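Novice: Starting from these lines, generate the structure:
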Amino acid sequence: MTGWYENDDFWKETIPVMFGPQAWDDAPQQAKSILERVGMEPSVQVLDLPCGVGRHSLAFAYMGCQVTGVDRTSLYLDEALRRTQEAGLNIEFVQADMREFVRPESYDLAINLFTSFGYFEDQADDMKVLANFYRSLRPGGVLVMDMMGKENLARIFRPRDWRELEDGTLVLEEREVTRNWTWMENRWILIKGGQRRDFSLSHRLYSAAELARLLELAGFEQIDFFGDLAGAPYHYSAQRLVAVARRCSVGDDLR
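Specialist: As a prediction, the model looks like this:
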């Protein structure tokens, strides 16, 4: 049984929804905020997984980071590479499933942004992803995750919504929380020029406590949570769930 995330048509048709001009404009400041949050200089090696069309990969590379972008969707990697070449940057892009990609102790910083976690029916696959991040980080390395947390969602939940994109596309969204508040079912309807596309997508919901437990099981320490990438508190007004989790240093490992 294939998951919705393996439908390349979905990723192609929803590019304007997820990667519009504002999303590209926001990426440089988001990358800068991440480096400031983890206390790293722009010379670090960064793993962007999944990297999508390369918004944050390019932003980190512009600042002088050495970047590896990983994604399963060849269309996205082609677009990311095209933009990278146009910008005269040097970024490595790899096509791989996040459950399989691992490079032991190769990166100082790993990022998983834009609710790109929890897609799999079997939660053991989520643990594989976190374990791969842990193994791919050097001792002292940091993982930054950004998603819509369960606490955020409970406050702002709307069962349906719509918006119009700059190109005139109407985006209608329907949402349903299921499985005792552990799962989100989404339906996206895209309408433009008399044509309609209908997609279903879903993902597991995590609270800060639930995500912290998985990160601890994967080996991470010093796990902190914030309300956005700029470091706002994770409390009643938080916009996002941002986890900052550190792989312990060599000295910590030996204690």
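
Novice: rest of the way, CA atoms for contacts and neighbours
Specialist: Noted.

Novice: so where do the strands sit in the stretch 101-250 of the chain?
Specialist: For the stretch 101-250 of the chain, the strands defined by DSSP state E, counting those that start in this stretch cover 107-112, 137-147, 160-164, 170-178, 183-192, 195-204, 221-226, 241-246.

Novice: dump the residue contacts of the residue nearest to C248 when sequence neighbours are not counted.
Specialist: Among residues not flanking C248 along the chain, G140 sits closest, at 5.2 Å (CA to CA, 6 or more residues apart in numbering). Contacts here follow CA atoms under 8 Å, 6 or more residues apart in numbering; on that basis G140 touches 108, 246-250.

Novice: what comes into contact with stretch 194-211?
Specialist: By CA under 8 Å, 6+ apart, the surrounding residues in contact with stretch 194-211 are 4-5, 10, 117-121, 148-151, 181-191, 225, 241, 243.

Novice: repeat that with 7 Å
Specialist: Stretch 194-211 is contacted from outside by 4, 10, 118-120, 149-151, 182-191, using CA atoms under 7 Å, 6 or more residues apart in numbering.

Novice: For it, measure first residue to last.
Specialist: Taking CA to CA, to the nearest Å, the first and last residues of stretch 194-211 lie 42 Å apart.

Novice: Flag every buried residue along that stretch.
Specialist: By neighbour count, and taking 16 or more other CA atoms under 10 Å as the criterion, the buried residues in stretch 194-211 are 199, 202-208, 211.

Novice: And for stretch 15-30?
Specialist: 17, 24, 27-28, 30.

Novice: what sits up against it?
Specialist: The set of residues that contact stretch 15-30 without belonging to it, under CA under 7 Å, 6+ apart, is 55-56, 59, 229.

Novice: In helices only, show me those residues.
Specialist: Applying DSSP state H to those, the entries found in helices are 55-56, 59.
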